[in-house]
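A.B. asks: give me coordinates for this.
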Amino acid sequence: MEGERRVGVAIDFSPCSKQALRWAVENIVRDGDYLILVNVQPGGYYEGTEIQLWEASGSPLIPLTEFSNPAVMKKYGVKTDAEILDILNTVARQKEIVVVTKVFWGDPREKICEAIENIPLSCLVIGSRGLGKISRILLGSVSNHVVNTAACPVTVVKNTDHED
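C.D. replies: From the prediction side, this is the model:
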């Protein structure tokens, strides 16, 4: 991946992360890029020994063919989404890009920032749930933390489906 643009999209399969993926595909990703999905699963006890090995550094890069296979993704604790798979397969074919996924376990704020540095990513697109000020103070905002600490440009895509 040396010298290639590596466009990251933080994805948790929520409506706002799907919107961020659509935005990235339409506005940033160009022919020949690497599109790297960064998924963070909650930390905790897992039966799979692979997950215990990968907990600190994340999974290996998972190609789109494996990401499309529910049986393969089950060992990572990830349930794939048909809409996301459709978007990824279409963009991979149309723009001739390489699509891979990297799964992390733990706090999304920390793990997304680690992914940016360790992969390393050229830029990152992340969705925002559009929390109100009170919720953002109480729960913390993943996108806000990433914007303020990331080592690359970050684009936050607001959820337009959110009702105030």
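A.B. asks: for the rest of this, base every contact and every neighbour count on C-alpha atoms.
C.D. replies: OK.
A.B. asks: where does pLDDT dip in this structure?
C.D. replies: 1-3, 44-53, 130-140, 161-164 (pLDDT under 70).
A.B. asks: all strands of it, in order?
C.D. replies: Taking DSSP state E as the criterion, the chain carries its strands at 6-10, 34-41, 62-63, 98-105, 123-128, 154-158.
A.B. asks: can you lay out the ones you listed as CSV showing mean neighbour count and distance to Cys113?
C.D. replies: Below are these laid out as CSV (neighbours: other CA atoms under 10 Å; distance: least, CA to CA, whole Å):
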stretch, mean neighbour count, distance to Cys113
strand 6-10, 26, 10
strand 34-41, 23, 10
strand 62-63, 16, 19
strand 98-105, 22, 11
strand 123-128, 24, 10
strand 154-158, 19, 11
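A.B. asks: would you turn those into CSV with distance to Asn148?
C.D. replies: Below are those laid out as CSV (distance: least, CA to CA, whole Å):
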stretch, distance to Asn148
strand 6-10, 16
strand 34-41, 18
strand 62-63, 28
strand 98-105, 20
strand 123-128, 13
strand 154-158, 9
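A.B. asks: among these, which is nearest Ala24?
C.D. replies: Nearest of these to Ala24, taken as CA to CA: strand 123-128 at 6.5 Å.
A.B. asks: what angle separates that closest one from strand 154-158?
C.D. replies: Strand 123-128 and strand 154-158 meet at an angle of 30 degrees, taking axes from the mean of the first three to the mean of the last three CA atoms, to 10 degrees as the criterion.
A.B. asks: packing partners of strand 123-128?
C.D. replies: Secondary-structure packing of strand 123-128 (3 or more CA pairs under 8 Å, 6 or more residues apart in numbering; DSSP states H and E): strand 6-10, helix 15-27, helix 142-149, strand 154-158.
A.B. asks: make it 7 Å
C.D. replies: Applying 3 or more CA pairs under 7 Å, 6 or more residues apart in numbering; DSSP states H and E, one finds that strand 123-128 contacts strand 6-10, helix 15-27, strand 154-158.
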